[in-house]
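A.B. asks: this one's structure only:
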């Protein structure tokens, strides 16, 4: 019995070796090359070219296509949609022994795929799919002697593997502006037969500014795809195929990913994890799930700060009940832990059209202002005290101060004015009131106002339009005075046009504050309010006092 087993095994080994040795003679290369190009072009609806085709025996018999290119839609340019140094088609051994050429697996190693979205929202992959035009008969080169016949069409392999691919996504905006995203180290395995195929894989995502990935610091997002299914129905293009999958994301450091949109002035670090359920179609996928950011840190260099100049603001945790649709990232709600305070909002980010951010139903509760305005911003308007705020906000990430818009109301509980540069609305109001108080009590030295000024509350409503904040009812209240303010303040330039009313207990003083925060101009009106005092002395005193806080 043992001899029979050994004989059978030996026979199988000999036959297999003989078949593998005969592969170069069994495969009609010119015929297969013509059929592969014709069938691939028809399946994709794009011209497919490759330089040459060769047969290899190890590790398994297969056909290798060299220098493969798939053309792009002509409306998107002449750059190839896909380029590939080598694609390998593994042959089925059993059919080969009977004289038939059938493929078991297609492996695409290190392809580069470019996906483009034009300003109108159309994708270059939208025209991928079987050509509607009848195919011309492929030329039939003479068959080699003894070569097996090959059908006029080749069946798709039941397994396709993409190894270490790079996918570049270019979102074209108006005026020639564009955003570039990259998916690198893409590994994807597709199995099954039409109309339904399964897939799984992994990739690393980054926002691509310029240059190869090796020149960028670490910080990409690792993506894993599981339980993927796509249904390719007859009469429908590839991009219209319904798809579903489960996706997990993991980014140990967001720094490199956010640097392209924030620029060198601001660095955003921290880790991100998420789990999303994907649906929709291949061209327009949707996703929903929860994304959590931990140890979020905003860092910036500020020359106004004492050493160290580099300051960081910590956000311990941020969670987003997220969804993705039509180029928009939304989160309902957003929840952030801000130390002793909290933030909630509804978020919408237009990722495709320039990273435009909208925050609706914005609510900040008990935010400690000292860590933000003193420790992080080091600004002259720095305040301490708990902030409560409600409203809405919208801005472009690349230019937040110039583009900020939205209404709101705020209240700051008991705290102090500790800033030493007159660049913001609240600082100007309090210093105007403090200066008048000092001048009306001539025996109080000006040095008194070099110390922090305590207040009971600051409250009011506002509206920001294209970076200009307007208020009509902002009220500063302290033990010694009340200051009401109405007017405009430009967030980026510090330009202001404010009407200030100071009630110091012994009367009221009205002031007009104009100029900029760095170079304010203060005028007391009307003169009857300061009867008995030298008006020029009052105005000079106000200017001198404001200069102390630069």
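C.D. replies: Happy to help now that I have it. Here the structure is a predicted model, which is why all the values come from computation and not from measurement.
A.B. asks: lowest confidence element among the helices and strands of this protein?
C.D. replies: The helix or strand of the chain with the poorest confidence is helix 425-440; it has a mean of 45 (mean pLDDT, DSSP states H and E).
A.B. asks: For the stretch 301-450 of the chain, just list every one of the strands.
C.D. replies: Using DSSP state E, counting those that start in this stretch, the strands of the stretch 301-450 of the chain run over residues 310-325, 328-338, 341-350, 356-368, 386-396, 406-412, 415-417.
A.B. asks: Just say which of these is most tucked in.
C.D. replies: The highest mean neighbour count among those, using mean count of other CB atoms under 10 Å, belongs to strand 415-417: a mean of 22. Glycine gets a C-beta too; all of them are placed from N, C-alpha and C.
A.B. asks: Please name every helix or strand in contact with that strand.
C.D. replies: Using 3 or more CB pairs under 8 Å, 6 or more residues apart in numbering; DSSP states H and E, the elements in contact with strand 415-417 are helix 425-440, strand 453-455.
A.B. asks: and that strand, average pLDDT?
C.D. replies: Regarding strand 415-417, the rounded mean pLDDT is 83.
A.B. asks: go on, stretch 194-201?
C.D. replies: 88.
A.B. asks: cool, stretch 483-494 as well?
C.D. replies: On average, stretch 483-494 scores 89.
A.B. asks: List the buried residues for it?
C.D. replies: Buried residues in stretch 483-494, counted by 16 or more other CB atoms under 10 Å: 483-485, 487, 489-491, 494.
A.B. asks: Could you do stretch 297-313 as well?
C.D. replies: Here stretch 297-313 shows 298, 300, 305, 311, 313 as buried, counting by 16+ other CB under 10 Å.
A.B. asks: now do stretch 106-115
C.D. replies: By 16+ other CB under 10 Å, the buried positions in stretch 106-115 come out as 106-108, 111, 113-115.
A.B. asks: As TSV, these with secondary structure and pLDDT would be great.
C.D. replies: Putting those into TSV (DSSP: H, G, I helix; E, B strand; the rest coil; pLDDT from 0 to 100) gives the following:
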residue	secondary structure	pLDDT
106	strand	83
107	strand	87
108	strand	86
111	coil	91
113	strand	91
114	strand	91
115	strand	88
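A.B. asks: From the residues you listed, pick the one nearest residue 502.
C.D. replies: Checking these against residue 502 with CB to CB, the nearest one is residue 115 at 61.0 Å.
A.B. asks: tell me the contacts of that closest one?
C.D. replies: Residues near residue 115 by CB atoms under 8 Å, 6 or more residues apart in numbering: 123-125, 167-170.
A.B. asks: if I look at residue 41, how far off is residue 126?
C.D. replies: 18 Å (CB to CB, to the nearest Å).
A.B. asks: And for residue 333?
C.D. replies: Distance of residue 333 to residue 126, given as CB to CB: 34 Å.
A.B. asks: With distance to residue 222 as extra columns, can I get the strands of the stretch 301-450 of the chain in a markdown table?
C.D. replies: Putting the strands of the stretch 301-450 of the chain into a markdown table (distance: least, CB to CB, whole Å) gives the following:
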| stretch | distance to residue 222 |
| --- | --- |
| strand 310-325 | 17 |
| strand 328-338 | 18 |
| strand 341-350 | 21 |
| strand 356-368 | 25 |
| strand 386-396 | 28 |
| strand 406-412 | 35 |
| strand 415-417 | 43 |
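A.B. asks: Out of those strands, flag the one nearest residue 466.
C.D. replies: strand 386-396 (9.9 Å).
A.B. asks: tell me what the closest one is packed against?
C.D. replies: Here strand 386-396 touches strand 356-368, helix 400-403, strand 406-412, going by 3+ CB pairs under 8 Å, 6+ apart.
A.B. asks: ranking those by mean pLDDT, which is last?
C.D. replies: Among the helices and strands packed on strand 386-396, helix 400-403 carries the lowest mean pLDDT (a mean of 87).
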